[in-house]
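>>> Build me a model from this:
(one chain, ligands or ions: 1)
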Amino acid sequence: MKDSLDVIKNLMEQYEKPFYIYNEGVIDKQIKILTEELSQFEFLYSIKTNPYAPIVDFIVSKGFGADAASANEVIIAQKAGLPCEKIIYSSPGKTRQDIEKTLDKSIIVADSYNELDLINNIAKQRGLNVKIGLRINPDYNMNMGQGISSKFGVDEETLVNRKELFKNLTNIKIVGIHVHLRSQILDYSALYKYYERVFKLAVFCKESMGWELEFINFGGGIGIAYSASNDTPLNVKLLGEKCKVLIERLKNKINARLIIETGRFLVCQAGKYITRIVDIKESRGKKYLIVTSSLNGFLRPSIAELLSSYMPKTSKLQGCEPLFTAKDAFEFTILKNGKSSFEKVSVAGDLCTSADLMAKDIMLPKADIGDILMVSNAGSYAYTLTPVLFASHTPPLQIYIKSNGEIVL
Ligand SMILES: Cc1ncc(COP(=O)(O)O)c(C=O)c1O
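Residues are numbered from 1 along each chain as shown. All right, here's what the predicted structure looks like:
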């Protein structure tokens, strides 16, 4: 720990600007948990979580494929060395250009009936027969209640009435289904029940729709404990044990690649955001630590402050992922030698907006101007979600520390 804090201090001295630092060792540990406990599944890394090249390259080197959410992410995955069958491209609203650019580089998952037609037309023009997936909006939700209206995929109950349309798709073949309902699930039994329902849906697609399924993509959902005090980590071991039994039971009914997408579980805790306290001031009884690039360096803590100040205590705001998970999702540490007494402070930034507040009234060791501030859980949905160009400030650096200590910029 002391070593890594020294590395951070040295890097700040050297570059004198905010930066993200990613620790390969943490990513490696998370990869091992998933691949050992859920060994029946294949994994795709959700590139949108953090597309920084050394991270993508490392995860790909461990056998993961890619969950691409845009045509450009397909290209990122391809550059990382992945073949077509290991890149699954799923997002709503793909354009003709998106499809033309990615048809031969990924397995495209159609998100609507219009998109099925569009992919079919492009394949026909090129004289190709293309294998694709279809995203389905299931008739259940994560709590196993009724399905909801969604902009994602096609509603499960509409499939049977579209058999004629499916027959006319001369140049595409549906060989996979994709379902994703929610992220950040920590209850293994909820995830298990969800997987069980997706399996059931796959059996329906095979038996009633006649699709020869080569893959079932269960989407994401694997959560992490953001807060050491309020979150219980997902029991991946128990999830794996239950899935093993389920797969054993169903393997005669369906023989397909079983795919899970994952982002934050691999990279969230591997990342820290580092900035410097450049001013300290008091206003009407409150103390403010002013840091370089707060909201415009790492957006999520400010969003957490903003939303939690407006929402009722009981609200979970699950629909706000990945912008918001929970108020106490980030830990703030002042990198200082020796001990000092604690005081109540707010951490704010250098933007001309009062929304630029990373943390309000938190207890931190007494800080001085020039001290370094470290924010946890900055590996996922961090750099890419942040408006780094706002007010023409300089964007933070990204720094990757390999397991052997090598620093990659
Ligand atoms: C379809 C899909 N798959 C996977 C993910 C990755 O989620 P997480 O980072 O929670 O693993 C997301 C996140 O939004 C998603 O929408």
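>>> Kindly report the residues of the stretch 251-400 of the chain close to the ligand.
Proximity of the stretch 251-400 of the chain to the ligand is confined to 261, 262, 263, 264, 265, 322, 380 under the rule C-beta under 6 Å from any ligand atom. Any C-beta I mention is one placed from the backbone N, CA and C, and that applies to glycine too.
>>> quick check: mean pLDDT across the longest helix along the chain?
Counting residues, the longest helix found in the chain (DSSP state H) is helix 188-207. The average pLDDT for helix 188-207 rounds to 96.
>>> what's the answer for stretch 123-131, then?
Stretch 123-131 comes out at a mean pLDDT of 97.
>>> Could you check how far residue 231 is from residue 180?
Per C-beta to C-beta, to the nearest Å, residue 231 is found 21 Å from residue 180.
>>> So if I had to pick from these two, which one is more boxed in?
Neighbours were counted for residue 231 and for residue 180 using other C-beta atoms under 10 Å; residue 180 has more, 22 against 17.
>>> Does that one touch residue 194 like I think?
No: with contact defined as C-beta atoms under 8 Å, residue 180 does not reach residue 194; the gap is 9.9 Å.
>>> what's the overlap in contacts for those two?
Common contact partners of residue 180 and residue 194 (C-beta atoms under 8 Å, 6 or more residues apart in numbering): 218, 221.
>>> Please point out which parts of stretch 367-386 sit buried.
The neighbour-count check on stretch 367-386 (16 or more other C-beta atoms under 10 Å) flags 367, 371-383, 385-386 as buried.
>>> which secondary element of the protein has the worst mean pLDDT?
helix 2-15 (a mean of 88; mean pLDDT, DSSP states H and E).
>>> just checking, what packs against whichever helix or strand comes after that helix?
Moving toward the C-terminus from helix 2-15, the first helix or strand encountered (DSSP states H and E) is strand 19-23. Other elements packing on strand 19-23 under the criterion 3 or more C-beta pairs under 8 Å, 6 or more residues apart in numbering; DSSP states H and E are helix 2-15, strand 271-283, strand 397-401.
>>> Switch those over to JSON lines; also include mean neighbour count.
What follows is the helices and strands packed on strand 19-23, written out as JSON lines (neighbours: other C-beta atoms under 10 Å):
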{"stretch": "helix 2-15", "mean neighbour count": "13"}
{"stretch": "strand 271-283", "mean neighbour count": "18"}
{"stretch": "strand 397-401", "mean neighbour count": "19"}
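>>> Quick one: the helices in the stretch 251-400 of the chain, in order.
With DSSP state H, counting those that start in this stretch, the ranges of helices along the stretch 251-400 of the chain come out as 264-267, 299-310.
>>> Any chance of a markdown table for these, columns mean neighbour count and mean pLDDT?
Converted to a markdown table, those look like this (neighbours: other C-beta atoms under 10 Å; pLDDT from 0 to 100):
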| stretch | mean neighbour count | mean pLDDT |
| --- | --- | --- |
| helix 264-267 | 28 | 98 |
| helix 299-310 | 19 | 90 |
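>>> of the residues of the stretch 251-400 of the chain next to the ligand, the lowest pLDDT goes to which?
Least confident of these in the model: residue 322, at 90.
>>> List the buried residues in the longest helix of the chain.
By 16+ other C-beta under 10 Å, the buried positions in helix 188-207 come out as 188, 190-199, 201-202, 204-206.
>>> which one among those gets closest to residue 90?
Of all the buried residues of helix 188-207, residue 198 has the smallest distance to residue 90: 14.3 Å, by C-beta to C-beta.
>>> to the chain's geometric centre, what's the distance from stretch 69-77?
15 Å (C-alpha atoms, centre = their mean, to the nearest Å).
>>> Give the rounded mean pLDDT of it.
Stretch 69-77 shows a mean pLDDT of 98 in the predicted model.
>>> hey, C-alpha coordinates of that stretch in CSV?
Provided in CSV are the C-alpha atoms of stretch 69-77 (Å, rounded to 0.1, in the frame of the first residue of the first chain):
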residue,chain,number,x,y,z
ALA,A,69,-22.0,-0.9,-27.7
SER,A,70,-21.0,1.1,-30.8
ALA,A,71,-19.4,0.6,-34.2
ASN,A,72,-16.3,2.3,-32.8
GLU,A,73,-16.1,-0.2,-29.9
VAL,A,74,-16.2,-3.0,-32.5
ILE,A,75,-13.1,-1.4,-34.0
ILE,A,76,-11.5,-1.1,-30.6
ALA,A,77,-12.2,-4.8,-29.9
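>>> Can you give the contact residues for that stretch?
Against stretch 69-77 from outside (C-beta under 8 Å, 6+ apart): 46-48, 51, 53, 56, 60, 65-66, 68, 86-87, 89-91, 94, 97-98, 101-102, 105-106.
>>> Does it reach the ligand?
No: shown here: stretch 69-77 not in contact with the ligand (C-beta under 6 Å from any ligand atom), separated by at least 7.0 Å.
>>> in that stretch, what counts as buried?
69, 70, 71, 73, 74, 75, 76, 77.
>>> Nearest to the ligand, out of these: which one, please.
Nearest to the ligand out of the buried residues of stretch 69-77 is residue 69 (C-beta to the nearest ligand atom; 7.0 Å).
>>> residues contacting residue 46?
Residue 46 makes contact with 67, 69, 220, 261, 262, 263, according to C-beta under 8 Å, 6+ apart.
>>> and the residue of the stretch 251-400 of the chain nearest the ligand?
Across the stretch 251-400 of the chain, no residue is closer to the ligand than residue 263, which sits at 2.7 Å (C-beta to the nearest ligand atom).
>>> can you tell which of the helices and strands packed on strand 19-23 is closest to residue 250?
So among the helices and strands packed on strand 19-23, strand 271-283 is nearest, using C-beta to C-beta, at 37.0 Å.
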